[in-house]
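>>> Sharing a model that was predicted from the sequence below.
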Amino acid sequence: MMSWLPENISTYGGQIDHLFYLIYYLTSVTFILVAGCMIAFLVMYRHSDGRRATYTHGNTTLEIIWTIVPALILIMLGFMSKARWEEIKSPAHMPPPDLYVRVTAKQFNWEIRYPGPDGKFDTDDDLQVDNDLHVPLNKVVRVILRSKDVIHSFFVPQMRLKQDAVPGRDIQVWFQATKAGQYEIPCAELCGFGHSGMKGALFVQTKDDYDQWVKEQWPAPAAAPAAAAAQAPVAEARG
Ligand SMILES: [Cu+2]
């Protein structure tokens, strides 16, 4: 299969890509058919001396077909997308997280906040860094998205994840990375003059590297913040 999407390193990315290509090929075929017919008719029915125009009042059968077929395709795509949408966007359907992290968007950077060893946000052992999001490989990361000012969009192309951060709301999303590396987190919503420079970095680290990073951030006797995730700092799902 042709691929010009960024590399997929998300557990659910393959299913997103499958839907993307299905829609892409369906619309491509439709476009070629419609444009092909239009060009063919332009040529076939071009002006020629002595030929008179004829009048038609349409074709009911044809109109029913080209209304029902796209409607059925749309309904089919809706059902196919529903499960994926819920899995990615609905907290009730998300897998239990190994790690919580809160990302607050503001003009013009991402504030990344870790709950620290106690697993609770807004306590003394929290860690806040600008733009650098460190996560462990193969672990479920739950992101709680906020915004301090305007609407931003948290975009991690390799994770097939994009979600608006909206002032006044906590919106949860998640991902699970399958490949270590460094990836960009651009803002995908025009949010002001500094928008184009609003860019974070996602560091997906192997277990050893991540444990080392945790040790540096929370010197002994801290346990890995991942271990405290079970205490779910998010009381209820909103968003
Ligand atoms: Cu922006």
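Great, that's in hand. Numbers count the residues shown, from 1 in each chain.

>>> Around the ion, which positions in the protein sit nearby?
187, 191, 195, 198 (C-beta under 5 Å from the ion). Any C-beta I mention is one placed from the backbone N, CA and C, and that applies to glycine too.

>>> rerun at 8 Å
For the chain, the residues in contact with the ion (C-beta under 8 Å from the ion) are 105, 107-108, 152-153, 187-192, 194-196, 198.

>>> where does Ile185 fall, helix, sheet strand or coil?
What DSSP: H, G, I helix; E, B strand; the rest coil gives for Ile185 is strand.

>>> Can you show me the strands along the protein?
99-106, 109-114, 127-130, 132-136, 140-147, 152-156, 161-165, 171-176, 181-186, 199-205 (DSSP state E).

>>> Mind pulling up the pLDDT for Glu216?
Per-residue pLDDT puts Glu216 at 90.

>>> List the contacts of it.
Residues counted as contacts of Glu216 (C-beta atoms under 8 Å, 6 or more residues apart in numbering): none.

>>> Would you map the helices across this structure?
13-44, 60-89, 207-217 (DSSP state H).

>>> what is the orientation angle of the shortest one with strand 199-205?
Relative orientation of helix 207-217 with respect to strand 199-205: 120 degrees, computed using axes from the mean of the first three to the mean of the last three C-alpha atoms, to 10 degrees.

>>> For the spatially most central residue of the chain, report the pLDDT, please.
Taking C-alpha atoms, centre = their mean, the centroid of the chain lies closest to Leu161, which sits 2.2 Å from it. Note on Leu161: pLDDT of 95.

>>> Leaving out chain neighbours, which residue sits closest to it?
Phe175 (5.3 Å; C-beta to C-beta, 6 or more residues apart in numbering).

>>> how about that neighbour, what does it touch?
So Phe175 contacts 10-12, 140-141, 143, 156, 159, 161 (C-beta under 8 Å, 6+ apart).

>>> So which of those residues wins on neighbours?
Among the contacts of Phe175, Met159 has the most neighbours (other C-beta atoms under 10 Å), with 28 neighbours.

>>> Which residues are in contact with that one?
9-10, 13, 175, 177, 183, 202.

>>> Can you say which two of those are spatially most distant?
Gly13 and Leu202 (13.8 Å; C-beta to C-beta).

>>> Mind listing the shared neighbours of these two?
158-159.

>>> was I right about Gln217 contacting Pro117?
No. Applying C-beta atoms under 8 Å as the test, Gln217 and Pro117 come out as separate, 9.8 Å apart.

>>> more neighbours, these two?
Taking other C-beta under 10 Å, Gln217 and Pro117 do not tie; Pro117 has more neighbours (19 against 16).

>>> low pLDDT regions in the chain?
In the predicted model of the chain, residues 1-2, 220-239 satisfy pLDDT under 70.
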